[in-house]
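Student: Structure of the sequence below:
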Amino acid sequence: MAHDYVMDLTALSASLRTLPPSQPLRLIDENGLRTDAEASAGFPLPSTEILLGLYRKMVIARRFDLQVTALTRQGRLATYPSALGQEACEIAAVAALDADDWLFPTYRDSIALLTRGVAPEHILASFRGDWHSGYDNYEHRIAPQATPLATQALHAVGLATASKLKRDKTVALTFLGDGATSEGDAHEAFNFAAVWQAPVVFVVQNNQFAISVPLDKQMHCQMIADKAVGYGMPGYFVDGNDVAAMYAIVTHAVQNARSGAGPTLIEGLTYRIEAHTNSDDPTRYRASSEVEEWKGRDPIARLEKYLLSEGALSDSERSDIDAAAEKLAAATRECMTREAEIDPLELFDHLYATPRPALAEQRQALADELTAHADAELSEAALSASATPAAAQAQAPAQTGAHS
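Tutor: You can find the predicted model right below:
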């Protein structure tokens, strides 16, 4: 009897929840072919025009990413976390947003910022150590790139909840890594978003590793999207290297959030081709054969095959896209060769709308110290300049003698 009772509870539990499918949703397979209705879960394939636009954005983003990685290896930047191989997740998510929506990125989402219109020198200011956030957050409606794991998810829920209270239809989208979903902040964000039915979309880029820790060492669930069930919100397990599927499902989630249907958790299954950052040695925790296998699932190559098969990508179009990518790479190199104009007093300029007396005192103390330092440098330069003629005159007879 006890056994039968347990079985009844199991059946009841299964009837009360809806888990994502065990295979990721996809609209275009790895060979560039359209999938069947089962694999696509009924989501329609975006138009060829939309897919061509996504292809262009991904190619340009990859060229930027490769260029920045090269600059980091040359010592032009302190560090840089590459998103090579993750272009489909990031570009699709950003493309699904309206101009008035807000993006809450992580440190790895620079190509998302680029696609949303942030200039390279402003994106890279933080990686060079010039600014914590080198772009105007309100102009671009992008929060600062978050280095702490999952903290930005709570900020996204807060903004989305404020949007709901104001009834302004703004949606917040936040990126998370697979490792970030193990953080307490992520769970709090999921729970608050679901309870408050906040218009927020969580896009988890499951790139297989939390730095050096593989997914099976982080969690025991079958997939990250399963976690949505526990919070009472929809969850989607998507092929993160299929930009068509990512765009379709993120668009669906954004529309639901805007209409008042609450949050969505989307897991994009992808792979980090490069190291965690330039200071990481990935050969210590993963095999090169695994990297090569994932290179064969390249998101750009997949979409290119589809577009070529549809006759939607001509040679001239590809040349135009490549030229735009190279132009951006050149501009990125150029801006990174310029010395940054850094004013230490800017540390105090953006903390409070109304300056606090204690900070005003600190600012003045720093200003006085900088002035004293500059005066000392000027005095030293003046002494050096005045000593130079005398030294030259003292050497003159010896030089004359040498020529006689």
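
Student: so where do the strands sit in the stretch 51-200 of the chain?
Tutor: 102-104, 172-177, 200-206 (DSSP state E, counting those that start in this stretch).

Student: Remind me what the shortest one packs against, helices and strands.
Tutor: This points to strand 102-104. helix 151-166, strand 172-177 (3 or more C-beta pairs under 8 Å, 6 or more residues apart in numbering; DSSP states H and E). For the C-beta atoms, the positions are set from N, CA and C on the backbone; glycine is no exception.

Student: Return the most buried member of the ones you listed.
Tutor: strand 172-177 (a mean of 28; mean count of other C-beta atoms under 10 Å).

Student: Tabulate the CA atom coordinates of that strand in PDB.
Tutor: Coordinates of each C-alpha in strand 172-177 appear next as PDB, following Å, rounded to 0.1, in the frame of the first residue of the first chain:
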ATOM      1  CA  ALA A 172      14.500  44.000 -18.500                       C
ATOM      2  CA  LEU A 173      16.700  41.300 -19.900                       C
ATOM      3  CA  THR A 174      19.700  39.900 -18.000                       C
ATOM      4  CA  PHE A 175      22.400  37.500 -19.000                       C
ATOM      5  CA  LEU A 176      23.700  34.900 -16.600                       C
ATOM      6  CA  GLY A 177      26.400  32.200 -16.900                       C
END
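
Student: mean confidence score for that strand?
Tutor: Mean pLDDT, strand 172-177: 98.

Student: same thing with stretch 57-76?
Tutor: 96.

Student: Give the buried residues for that stretch.
Tutor: Taking 16 or more other C-beta atoms under 10 Å as the neighbour-count basis, stretch 57-76 is seen to contain the buried residues 57-65, 67-69, 71-72, 76.

Student: Just the closest of those residues to Gly262, please.
Tutor: Lys57 (28.5 Å; C-beta to C-beta).

Student: Now for the closest one: which residues touch it?
Tutor: Residues in contact with Lys57 (C-beta atoms under 8 Å, 6 or more residues apart in numbering) are 91, 95, 115.

Student: Now that the last one has come up, it's in contact with Ala61, right?
Tutor: I take that to be Thr115. Yes: using C-beta atoms under 8 Å, Thr115 and Ala61 qualify as a contacting pair, with a distance of 6.0 Å.

Student: Closest to the centroid, which residue in this structure?
Tutor: Taking C-alpha atoms, centre = their mean, the centroid of the chain lies closest to Asp109, which sits 0.9 Å from it.

Student: okay, now the closest residue to Gly134 other than its chain neighbours: neighbour count?
Tutor: Nearest residue to Gly134, sequence neighbours excluded (C-beta to C-beta, 6 or more residues apart in numbering): Ala125, at 2.6 Å. For Ala125, the count of nearby residues is 19 (other C-beta atoms under 10 Å).

Student: Relative to Ala301, which of the contacts of Lys57 is nearest.
Tutor: Closest to Ala301, out of all of these and judged by C-beta to C-beta, is Ile91, at 14.6 Å.

Student: Can you check the pLDDT for that closest one?
Tutor: So Ile91 comes in at 98 (pLDDT).
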